[in-house]
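In: Give me coordinates for this.
(chains A and B)
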Protein chains: 2
Amino acid sequence: MFKPAALALATASLVFAGNAIAETAQTERHNVEATTIAEGLSFPWGIAFLPNGDALITEKSGTLRRVGMNGVIGEAITNVPDVVYKSQGGLLDVAIDPNFADNNWVYLSYSEADPAGGEGNSTAVARGKLIGNNLQEVEVIFRGAPKYKSGAHFGSRLVFSPEGYLFVTLGDRYSAMDDAQTLDNHHGKVVRIWPDGSVPEDNPFAGKEDALPEIWSYGHRNVQGAAIHPDSGALWTVEHGPKGGDEINIPKAGANYGWPIATYGVDYDNSIISEKTHVEGTVQPHYYWVPSIATSNMIFYTGDEFPAWQGDVLVAALKTMKVARLDLEGDRVMHEEDLFVDLVNQRIRDIEQGPDGAIYLVTDDRNGKLIRISNADE
Amino acid sequence: MFKPAALALATASLVFAGNAIAETAQTERHNVEATTIAEGLSFPWGIAFLPNGDALITEKSGTLRRVGMNGVIGEAITNVPDVVYKSQGGLLDVAIDPNFADNNWVYLSYSEADPAGGEGNSTAVARGKLIGNNLQEVEVIFRGAPKYKSGAHFGSRLVFSPEGYLFVTLGDRYSAMDDAQTLDNHHGKVVRIWPDGSVPEDNPFAGKEDALPEIWSYGHRNVQGAAIHPDSGALWTVEHGPKGGDEINIPKAGANYGWPIATYGVDYDNSIISEKTHVEGTVQPHYYWVPSIATSNMIFYTGDEFPAWQGDVLVAALKTMKVARLDLEGDRVMHEEDLFVDLVNQRIRDIEQGPDGAIYLVTDDRNGKLIRISNADE
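Out: Take a look at the predicted model:
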């Protein structure tokens, strides 16, 4: 369905930075301007930019829309897979193929009902060719196992490695958290597949008994953010901890990131959940937050719009409605800054760098916004 | 002179944790109790523990006192060198010789007047043998050059490396900041000497023309904190940035840490002081704070009192009246926690680990306190 608020913006005269609402703020090294490009999105979850500069945006209820940088929100793209829209589940991330210009493949992650009719669900990934406003040749390329009755912790982000692998980040389904430590399921895993869903032969558990071959790393909780380091090509992820203990990890093939046997998470009253932050055989986080900032997605910023942020990690946050900027030297975090506090004022569900080098956010709200953050230095 | 408040504590019945004021607080991983061991110290600056468990504490005005863990503050130790007690200058750090039990050497850093009678001053280091309440065989083992008319940025901390070198951290004297980039002076340097003041032959600039041979590293601003990493044996330092940009560095022999040509410092109104955070030939900080937390000293915590903090860096702060705990994995900072906020409520000038594994602080106040932080976990 069309959104009235979006329709109001969908006129030729209301181009971006024109009548759109813009607010400015200072940060340590840049002045920034936040412009609401579009609003009226229903709990938008993922953003992917098309070669022409339009954004594809998912709405959790199950719609995928094309949104122009002039604020025009398109009709729902047809033939998107059915989703289980419940609690944290729904239509989740969207990514476009590295060769999209040639093949038109669009990838979607979502919570999928049990095709066999059971009560369970799981995170799945489908792809389809975007032709006009229609997805064609839609196929499910990954289906999390097992189907499990829960409305929580689906992950998920979709990122392509420089080699063309597709990483899919998953969640532990909350009440199945112990599964994150065993390899016979996809709960609490990062998986690596080829874009057609086939399993790379050099995956760490490929060919091993009692292990699902798609698994790349395990011992995760709810990995809702992922990005590829622009220099090293390594996968970085960000996951929620238990009421605290949000983690950045650099998942290595076959490694165990400790959840739920090792965690820095602390309870709401600040008491310790687990005495164990270090368990032999598990990898320490690369960086962590206590209390939780409620991480969603992350990017490495590489654009020209904000020269002083090049190479930095930007981690978006839900509850704290901010973006944490991590200044890196090599892989090492040497500084953290809170960006956009009191500027966005909504839970931030996704962050992406646009083709113009500006930073784009969507907010987790019934009246969700697409916001562009641009440079306001004098 | 004796302090009345201290005298009141100096009775047998008022042993520590007895009638002394204690307050508790929660942190992420430990409950802590702060006990005021002694008060009435006049702007205490440095703490060093003697083998018998007493602390030697400097007061900036120029007195050195022995303070018992029962709260008894001793008379001023005699024969301490004269100091220039002005603005940031005075009697500064105190350290005891690694072989103190055999040789009784105590080392003091302080702002020293020009022996030639000029108006300038500089940071100097003297040592003397502590016999009873008297320093004997006092000798100046290091004298910062040049003598310079300023009341600011003297450094300084004294730390012994595992090999027995003595590191002395210095300041740029504020108005002489440009000197930090040249090697013909001690402004903005870390120096390395033998405990008798002689220069190690393998110092990076020993034997070089136009360079002072004591210099270990340069391009520093005001290095008021230093500690040796318990595993690597490497020197770590913490320095104030310019109105922001406090830095942790791991000074390597001969390296340039960039001040004042490269800094992350920002001005009070949040504007940028220098566009340059990276300058070729200078080393990036290991970790930095913007805005400044106003760092004073740092330790690596290695005690049994707080098992969850073992291996962590604790950085004390003046303006923000807190201790920043940095959780390390190897050298990498993976988390920062603010400790003791609203618990100490005075500017913290020094932090040391006691022989009992508790953490000891002195506060930068006319009525300065010695505070013990101990474990209050149930």
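
In: For residue A:24, give me the pLDDT.
Out: Note for residue A:24: predicted pLDDT of 95.

In: you'd agree it is up against residue A:376?
Out: Yes. Using C-beta atoms under 8 Å, residue A:24 is in contact with residue A:376, at 4.9 Å. For every residue, glycine as well, the C-beta is placed using N, CA and C.

In: which residues do the two both contact?
Out: Residues touching both residue A:24 and residue A:376 comprise A:31, A:32, A:33, with contact defined as C-beta atoms under 8 Å, 6 or more residues apart in numbering or on different chains.

In: Residue B:291: which of those residues is nearest?
Out: Using C-beta to C-beta, residue A:31 comes nearest to residue B:291 of the shared contacts of residue A:24 and residue A:376, at 16.7 Å.

In: returning to what we had before: closest one of the shared contacts of residue A:24 and residue A:376 to chain B?
Out: Proximity of the shared contacts of residue A:24 and residue A:376 to chain B (C-beta to the nearest C-beta) peaks at residue A:31, which lies at 9.5 Å.

In: Could I get the full set of strands for the stretch 51-200 of chain A?
Out: Here the stretch 51-200 of chain A has its strands, by DSSP state E, counting those that start in this stretch, at A:55-59, A:63-67, A:73-76, A:91-96, A:105-113, A:121-131, A:134-143, A:158-160, A:166-169, A:190-193.

In: so for the first one, what's the average pLDDT?
Out: Strand A:55-59 carries an average pLDDT of 98.

In: In that strand, which residues are buried?
Out: Neighbour-count burial for strand A:55-59, counted by 16 or more other C-beta atoms under 10 Å in any protein chain shown, picks out A:55, A:56, A:57, A:58, A:59.

In: got a list of what the last one touches?
Out: Yep, that's residue A:59 we're talking about. Residues in contact with residue A:59 (C-beta under 8 Å, 6+ apart) are A:41, A:42, A:43, A:44, A:45, A:65, A:90, A:91, A:368.

In: With the third one instead?
Out: Under the criterion of C-beta under 8 Å, 6+ apart, the contact partners of residue A:57 comprise A:41, A:44, A:46, A:47, A:64, A:65, A:66, A:67, A:94, A:362, A:370.

In: mind checking which helix or strand the fourth one is in?
Out: Using DSSP states H and E, residue A:47 maps to strand A:44-49.

In: Save the contacts of residue A:57 as a markdown table, and put in neighbour count, pLDDT and distance to chain B too.
Out: Output for the contacts of residue A:57, formatted as a markdown table (neighbours: other C-beta atoms under 10 Å in any protein chain shown; pLDDT from 0 to 100; distance: C-beta to the nearest C-beta, whole Å):
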| residue | neighbour count | pLDDT | distance to chain B |
| --- | --- | --- | --- |
| A:41 | 27 | 98 | 32 |
| A:44 | 26 | 98 | 31 |
| A:46 | 27 | 98 | 28 |
| A:47 | 24 | 98 | 29 |
| A:64 | 26 | 98 | 37 |
| A:65 | 25 | 98 | 38 |
| A:66 | 19 | 98 | 38 |
| A:67 | 22 | 98 | 33 |
| A:94 | 23 | 98 | 31 |
| A:362 | 32 | 98 | 28 |
| A:370 | 25 | 98 | 28 |
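
In: would you say residue A:280 is within a strand?
Out: No. Residue A:280 sits outside any strand when classified using DSSP: H, G, I helix; E, B strand; the rest coil, being coil.

In: residues near it, how many?
Out: Residues near residue A:280, counting by other C-beta atoms under 10 Å in any protein chain shown, number 5.

In: Just the pLDDT at it, thanks.
Out: At residue A:280, the model reports a pLDDT of 95.

In: ditto for residue A:263
Out: We note a pLDDT of 89 for residue A:263 in this prediction.

In: who's in contact with the nearest residue to residue A:234 once chain neighbours are set aside?
Out: With sequence-adjacent residues excluded and distances taken as C-beta to C-beta, 6 or more residues apart in numbering or on different chains, residue A:234 is closest to residue A:250, at 5.6 Å. By C-beta under 8 Å, 6+ apart, the contact set of residue A:250 is A:229, A:234, A:235, A:236, A:237, A:286, A:331.

In: Which members of those are the farthest-apart pair?
Out: Greatest spatial distance in the contacts of residue A:250: A:237 and A:331, 13.4 Å, computed using C-beta to C-beta.

In: More neighbours: the two, which one.
Out: Neighbour count, other C-beta under 10 Å: between residue A:237 and residue A:331, residue A:237 has more, with 26 against 16.

In: Show me the shaky parts of the stretch 201-350 of chain A.
Out: Within the stretch 201-350 of chain A, the segments meeting pLDDT under 70 span A:266-274.

In: Could you list the residues of it in contact with chain B?
Out: Taking C-beta under 8 Å from any C-beta of the partner chain as the contact definition, the stretch 201-350 of chain A meets chain B at A:264, A:266, A:270, A:272, A:277, A:284-290, A:308, A:327, A:329, A:331-337.

In: Filter the residues you listed down to the buried ones and express that as a ChimeraX selection.
Out: The buried residues among those can be selected in ChimeraX (16+ other C-beta under 10 Å) with this line:
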select /A:264,266,272,277,284,285,286,287,288,289,290,308,327,331,332,333,334,335,336,337
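
In: residue contacts, the residue nearest to residue A:191 when sequence neighbours are not counted?
Out: Nearest non-adjacent residue to residue A:191, counting by C-beta to C-beta, 6+ apart: residue A:214, 4.0 Å away. Applying C-beta under 8 Å, 6+ apart, one finds that residue A:214 lies in contact with A:142, A:186, A:189, A:191, A:192, A:193, A:199, A:203.

In: Residue A:214 and chain B, how far apart?
Out: Distance, residue A:214 to chain B, by C-beta to the nearest C-beta, to the nearest Å: 28 Å.

In: so how far is stretch A:123-143 from its chain's centroid?
Out: Its chain's C-alpha centre lies 18 Å from the corresponding centre of stretch A:123-143 when counted by C-alpha atoms, centre = their mean, to the nearest Å.

In: separation between the residue nearest to residue A:234 and chain B?
Out: 11 Å.

In: phi, psi of that residue?
Out: Here is the backbone geometry of residue A:250 (degrees, to the nearest 10): phi -120, psi 80.

In: Residue A:117 now?
Out: When read as degrees, to the nearest 10, the backbone of residue A:117 gives phi 90, psi 0.

In: So for the host helix or strand of residue A:328, what gets flagged as buried?
Out: Assigning secondary structure by DSSP H and E places residue A:328 in strand A:323-329. The neighbour-count criterion (16+ other C-beta under 10 Å) identifies A:323, A:324, A:325, A:326, A:327, A:328 as the buried residues of strand A:323-329.

In: Equivalent analysis for stretch A:202-214, please.
Out: For stretch A:202-214, burial by neighbour count (16+ other C-beta under 10 Å) applies to A:203, A:204, A:205, A:211, A:212, A:213, A:214.

In: related to what we said a few turns ago, now pLDDT and distance to chain B too, for the shared contacts of residue A:24 and residue A:376, in JSON lines please.
Out: What follows is the shared contacts of residue A:24 and residue A:376, written out as JSON lines (pLDDT from 0 to 100; distance: C-beta to the nearest C-beta, whole Å):
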{"residue": "A:31", "pLDDT": "95", "distance to chain B": "9"}
{"residue": "A:32", "pLDDT": "97", "distance to chain B": "12"}
{"residue": "A:33", "pLDDT": "97", "distance to chain B": "16"}
